[in-house]
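Trainee: Provided below are the primary sequence and the corresponding predicted coordinates.
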Amino acid sequence: GENVEQHPSTLSVQEGDSAVIKCTYSDSASNYFPWYKQELGKGPQLIIDIRSNVGEKKDQRIAVTLNKTAKHFSLHITETQPEDSAVYFCAASSWDKLVFGAGTILRVKS
Amino acid sequence: DTEVTQTPKHLVMGMTNKKSLKCEQHMGHRAMYWYKQKAKKPPELMFVYSYEKLSINESVPSRFSPECPNSSLLNLHLHALQPEDSALYLCASSRDTGDNTEAFFGQGTRLTVV
């Protein structure tokens, strides 16, 4: 089955800096890659996604890139703000299932 | 509206109790999911319903019993749980179960088994 690895497990950045979280997946049949943000005590919130026919997608301060050949995808957050502090999960869709990475705790220091 | 509503938000139950978790969405989605999330871990898939029929059961113990009364509602019936079943239970929905469809999560039910 699909296996998703996510790095780093924790990331601390200064407010205004950029943050990058990277994921790799194993199943070449996976073709949908969402990113979720989870704040304390809340459910995961879909923040951006990318499909296998696209290499990059951007939405304001967040962007996602996908390299299907290398089977990795990344989340980029620019001009980080304290409210970006949360746990971020990448995921890959395979055989009707979403398989999640282990998560990255992002701390934005003001 | 991308809202998935779960009730209750918190639940404490004894090991001999029977309780139910409820999930509702009005987005016209035909796929609904139950996930279990332990602290500091990613969500783990438990069940998938597609067009009100159970399509995936990830080898979940029978003390968890899902039910999909209609296309908008999803229940999870709990009976004879163990303390290790304490977790955040998340419901999600998507337009369909195929790849490429966005899944939206509810806020979860924080379950404590005592």
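Mentor: That came through fine.
Trainee: CA only for contacts and neighbour counts going forward, please
Mentor: Fine.
Trainee: tell me the residues of chain B that contact chain A?
Mentor: Contacts of chain B with chain A, taken as CA under 8 Å from any CA of the partner chain, map to B:41-45, B:90, B:97-108.
Trainee: do that again at 7 Å, thanks
Mentor: Applying CA under 7 Å from any CA of the partner chain, one finds that chain B approaches chain A through B:41, B:42, B:90, B:97, B:98, B:99, B:100, B:104, B:105, B:106, B:107, B:108.
Trainee: wait, what's in contact with residue B:43?
Mentor: B:35, B:36, B:37 (CA atoms under 7 Å, 6 or more residues apart in numbering or on different chains).
Trainee: can we see that at 10 Å?
Mentor: A:43-44, A:89, A:98-103, B:34-37, B:88-90 (CA atoms under 10 Å, 6 or more residues apart in numbering or on different chains).
Trainee: name the nearest residue to residue B:54, ignoring sequence neighbours.
Mentor: Closest residue in space to residue B:54, ignoring its immediate chain neighbours: residue B:48 at 6.0 Å, by CA to CA, 6 or more residues apart in numbering or on different chains.
Trainee: what's the single longest strand in chain A?
Mentor: As assigned by DSSP state E, the longest strand anywhere in chain A is strand A:86-94.
Trainee: and the residue of chain A at minimum distance from chain B, what's its pLDDT?
Mentor: Relative to chain B, the nearest point of chain A is residue A:43 (4.1 Å; CA to the nearest CA). For residue A:43, the pLDDT comes out at 96.
Trainee: make a PyMOL selection of whichever of the residues of chain B next to chain A turn out to be buried.
Mentor: Per 16 or more other CA atoms under 10 Å in any protein chain shown, the buried members of these correspond to this PyMOL selection:
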select buried, chain B and resi 42+90+97+99+100+104+105+106+107+108
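Trainee: grab the two from the residues of chain B next to chain A that are most spread out in space.
Mentor: Greatest spatial distance in the residues of chain B next to chain A: B:41 and B:98, 25.0 Å, computed using CA to CA.
Trainee: picking that back up, residues in contact with the residue of chain A closest to chain B?
Mentor: Neighbouring residues of residue A:43 by CA under 10 Å, 6+ apart: A:36-37, B:4, B:37, B:43, B:88-92, B:104-109.
Trainee: ok, residue B:70 touching residue B:51?
Mentor: Yes - if you go by CA atoms under 10 Å, residue B:70 and residue B:51 touch, sitting 8.7 Å apart.
Trainee: now the common contact residues for these two.
Mentor: Here residue B:70 and residue B:51 have residue B:30 as joint contacts, going by CA under 10 Å, 6+ apart.
Trainee: out of those two, which sits in the busier spot?
Mentor: Between residue B:70 and residue B:51, counted using other CA atoms under 10 Å in any protein chain shown, the more crowded position is residue B:51 (16 against 12).
Trainee: would you mind measuring from the more buried one to residue B:41?
Mentor: Using CA to CA, to the nearest Å, residue B:51 is found at 29 Å from residue B:41.
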